[in-house]
Structures are given as C-alpha cells and as structure tokens.
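[1] Take this sequence and fold it.
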Amino acid sequence: MKRFFALFVLTFFLCPLFIFSQESSRDEGGFEFGINFGVYVPSKHSANYYNGTIGNLNNTQWVMSNRVFYDSIFNRLDAIDTIFIDTDGWPTNMRYKIAMMPGIYGQYSFNSTYALYFNFNYMKLTTQDALIFTIPKPFTSFPDHTLCPIRGVEERVYFDIGLKRNFPVSDRFGYFVIGGLNVNNTTVIKSSFFVEEKEYSIINNYLNGVYIGPNSQTFNMKQGGIGWGLYFSAGASFMFGDVGFEPGFNAHFISTQLDGYNKYRPGAGFYLRFMLNNLLFNGE
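    Modelled structure (predicted):
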C-alpha cells in the first residue's frame, strides 16, 4: 500500500509538468472558487468504534464495573439480580447515517482542459444501534433481554487536492473528472448508551482506562486524528449567464485515525457545487 501511494504521488506531480509543457494545449486560465452542498456516507467499518465492545478504547466495561453507574442502571431496569451484557449483546454491524456535507472549493485552471483543484468539506456523522442487557426476573428460569440504544457522534473534515480534467462540449456545458489525494481529520464528539433515557458516556478519559472513584483524575484527550488516502470525483458543468453549477459524485479510499479502525476503506457521496466567480466579480 505504501509503495502504491508513493507511485501515485509521483505520477500526480509529474504528469502536470508534461501536460502543461505542451504548447498546443495552452490557453487562458485563472483562479475559480465556489461552495459545495452534498451528502456523504463513509465506510461502516469505523462505525463499530462506537459499539462498546471490550476490545474498543471506549467500552461498556468500565461503566458497568463502577458501582455508582451499575446501581443506577440496575434500578432503572428493575432487576433483581446481576445484570450483564452477554457475548452477543454488543452490535457488530453499526453504520453511519447519511450526513450533510457542506464545503468550499477552489481551482487554478491552467487552460480549458486541466486545472489544479482543491476543496474542504465538513461532516457531522452519527451512528446508532442497541445493546442487549440480560436481566434475571423472579418466578422464571429465563431472564429478560432489554434493548438499550448505543450511539456515537464524530466530526470529520476532508481536504482533497487533485488534478481536474475537463471535457468541454460547448461554452455552457461539459464533463469533468478529478483524481487526487485526501487528508482527513476525525474528532470523536460522543460515545454513549442510554438506559430509560438516561445517558451513560463510555468515552474513557481515565488513566489506563481504570475508574477508581469520584476523585479519579480525568484526561481530556482527543480521540481521532489525521488520516489520508485517495480521492476521485466526476460530474457535469453547466453555465447559465453569471451562474455556474456542477452536480457530481465523489468517492474516497481513506484511513481514519480511530484506534483499532484505521484500515483503508471506501466512502462515497453526491454534491452540487456553485461557481461564484462570475456572479460576484462579473467574470473578472
């Protein structure tokens, strides 16, 4: 994988040098910018970061092992004996919900065919499933099983930079493809489960993951970090007077820095981009 990325980066930076050295392809270019609005669905792989299993950095074990939290959950579930989450009690196929993806973009057109392209996009991602609590009940040898929601929330910022290839059809219409690199930053906002509408955070801010009492020192350590990967996009360009817009599709093959879930995985979405140069500056 590292060799593949090295080859891609080398090709990405060397190809434009060859393309723009050809006099026959040169014509007037310039800088353009605009805004994006879209929807996006990342890989479900990292959604399991929020499922509370014992192997995860944030898990239900330290909450259930704390007597104050345990007694609160015990009472809310009207239990008469030890409650627990059994082997099949954690969800293993969590998925992110479709997220809104606003952003800004810019490009420097070397000519009518090629441009250096970049954009910033923001998403707030949520994922939700359910834990299964096993609860012993009186007068029966079979315990009850209660579903309790478990939820994760994270923020992501994507920075994409690439080479844009235009395929003009007329002065008002054309197609394009973009290929390049992605740098992303992920920040965990919330990881918790709910029992009878009361929220119990499972974000572990304690030293070595051990809670030893109400006076335990917490560390507000950021969970997440910088990841990177590849970016591809394709779409169409339309111009109507001073207003231009581009509907398109984008895809990523990236890693995120979520502990234990940082393998390269795909994600995809759709967007509508508005080109603002002509509208704001009359084409100057």
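[2] C-alpha only now, for contacts and for neighbours.
    Will do.
[3] quick one: contacts for residue 135?
    77, 79-84, 143-146 (C-alpha atoms under 8 Å, 6 or more residues apart in numbering).
[4] Can you show me the helices along the stretch 151-284 of the chain?
    Taking DSSP state H, counting those that start in this stretch, the helices of the stretch 151-284 of the chain run over residues 277-281.
[5] Flag the shaky bits of it, pLDDT-wise.
    206-221, 278-284 (pLDDT under 70).
[6] all strands in the stretch 1-150 of the chain, in order from the N-terminus.
    With DSSP state E, counting those that start in this stretch as the criterion, the stretch 1-150 of the chain has strands at 30-41, 84-85, 99-100, 103-109, 114-135, 144-168.
[7] any idea which of these scores lowest on pLDDT?
    Looking over those, mean pLDDT reaches its minimum on strand 84-85, with a mean of 90.
[8] Show me what that strand is packed up against.
    Applying 3 or more C-alpha pairs under 8 Å, 6 or more residues apart in numbering; DSSP states H and E, one finds that strand 84-85 makes contact with strand 114-135.
[9] buried set for the strand it packs on?
    By 16 or more other C-alpha atoms under 10 Å, the buried positions in strand 114-135 come out as 114-135.
[10] Distance from the chain centre to it, please.
    4 Å (C-alpha atoms, centre = their mean, to the nearest Å).
[11] next one: stretch 237-257
    17 Å.
[12] Using PyMOL, define a selection of the buried residues within the contacts of residue 135.
    Only the buried entries of the contacts of residue 135 go into this PyMOL selection, using 16+ other C-alpha under 10 Å:
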select buried, resi 77+79+83+84+145
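[13] Adding distance to residue 183 as columns, could you present the contacts of residue 135 in CSV?
    Output for those, formatted as CSV (distance: C-alpha to C-alpha, whole Å):
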residue, distance to residue 183
77, 44
79, 48
80, 51
81, 50
82, 47
83, 44
84, 41
143, 49
144, 47
145, 43
146, 41
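[14] ok, residue 158 - contacts?
    Listed by C-alpha under 8 Å, 6+ apart, the contact partners of residue 158 are 119-122, 182-185.
[15] Near the closest residue in space to it that isn't next to it in sequence, how many residues? Count them for me, please.
    Excluding its sequence neighbours, the residue lying closest to residue 158 (C-alpha to C-alpha, 6 or more residues apart in numbering) is residue 184, at 4.5 Å. Here the count is done by other C-alpha atoms under 10 Å, and residue 184 has 21 residues near it.
[16] List the beta-bridge partners for residue 184.
    Beta-bridge pairing of residue 184 under DSSP bridges involves residue 158, residue 227.
[17] ok, it touching residue 157?
    Yes. Contact criterion C-alpha atoms under 8 Å: residue 184 and residue 157 qualify, at 5.6 Å.
[18] From residue 38, how far off is the residue nearest to residue 158?
    Computed as C-alpha to C-alpha, to the nearest Å, the residue 184 to residue 38 distance reads 17 Å.
[19] With residue 253 instead?
    Relative to residue 38, and taking C-alpha to C-alpha, residue 253 is found at 18 Å.
[20] Tell me which residues touch the closest residue in space to residue 231 that isn't next to it in sequence, please.
    Nearest non-adjacent residue to residue 231, counting by C-alpha to C-alpha, 6+ apart: residue 252, 4.7 Å away. By C-alpha under 8 Å, 6+ apart, the contact list for residue 252 reads 182, 229-232, 265-268.
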